[in-house]
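**Student:** Quick one, what's the 3D model for this:
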Amino acid sequence: MVTKVILADDHRILREGLRALLEKDPNVEVIAEADNGRCAVELAEKLHPHVIIMDISMAEMNGIEATRQISERSREVKIIGLSMHSDKRFVFEMLQAGATGFLLKECAFEELHVAIEAVLNNQIYLSPKVTGPVVEDFLKNYGKEETDPRAVLTRKEKEVLQLLAEGKTSKEAADRLHVGSSTIDTHRCHIMKKLGIKTVAELTKYAVRQGLTPAEK
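**Tutor:** Model (predicted):
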């Protein structure tokens, strides 16, 4: 059986490199590419891939939320997170969202085939460089309450936060999420109150720091 793969990353050069690598294997077919999370969700629903290689930090919708939405709609799709950051927080959030693999971009070319084989066999694959810190953190914090300030935000608020941080107006964000502008304004007020943030500029900085939206390239 040929493994159908979707590549979701906002760097075209990286997608081209990963595609070239994967297409050396006659049993793997790259069926589509996405440069943002929202596009990845739409392609997954339309094309039914076996595996998605999902960058965490993308515009429109970050990889964590895209993974969550895809996993809720189809548990059959295996998602491997991809990031240049080894921050264990991102690893945890991707796994909680439904991913079964996590690769560092610096190791992706060496580990990609192994990771795909592992997730297709219903195993979890983590880049060796993040495995140690993840296990150490788990043992250190096992049983403690969640302290991440983003835990107070709803999923919809996180989506709104990303769009606003990327410079979308209330109307543009409303169009993306198929709601009214007043709903976006209400979400913004709730977000700022929950996070103790007073300006949109601070919201943008917060979203970038937390990996919800990519920093300006």
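**Student:** Tell me which residue lies nearest the centroid of the chain.
**Tutor:** G63 (1.5 Å; CA atoms, centre = their mean).
**Student:** I figured it was touching G81, is that so?
**Tutor:** Yes - counting by CB atoms under 8 Å, G63 touches G81, with 6.4 Å between them. C-beta here means a position set from N, CA and C on the backbone, and glycine is covered the same way.
**Student:** Return every residue with contacts to both of these two.
**Tutor:** Common neighbours of G63 and G81 are listed as M54, I56, M94 (criterion: CB atoms under 8 Å, 6 or more residues apart in numbering).
**Student:** Confirm that the last one sits in a helix.
**Tutor:** Right, M94. Yes - checked against DSSP: H, G, I helix; E, B strand; the rest coil, M94 lies within a helix.
**Student:** Give me the neighbour count for the nearest residue to it once chain neighbours are set aside.
**Tutor:** Nearest residue to M94 in three dimensions, chain neighbours excluded: G81, at 3.8 Å (CB to CB, 6 or more residues apart in numbering). G81 has 27 neighbours, counted by other CB atoms under 10 Å.
**Student:** How about the secondary structure of G81?
**Tutor:** G81 ends up strand, using three-state DSSP.
**Student:** Report pLDDT for it.
**Tutor:** Note on G81: pLDDT of 95.
**Student:** for it, what are its contacts?
**Tutor:** M54, I56, G63, T67, F90, V91, M94, A99, G101, F102, L103.
**Student:** and if we set it to 10 Å?
**Tutor:** 52-56, 63-64, 67, 90-91, 93-95, 97, 99-104, 115, 126-127 (CB atoms under 10 Å, 6 or more residues apart in numbering).
**Student:** So which of those residues are in strands?
**Tutor:** When the contacts of G81 are checked against strands (DSSP state E), the matches are I52, I53, M54, D55, G101, F102, L103, L104, L126.
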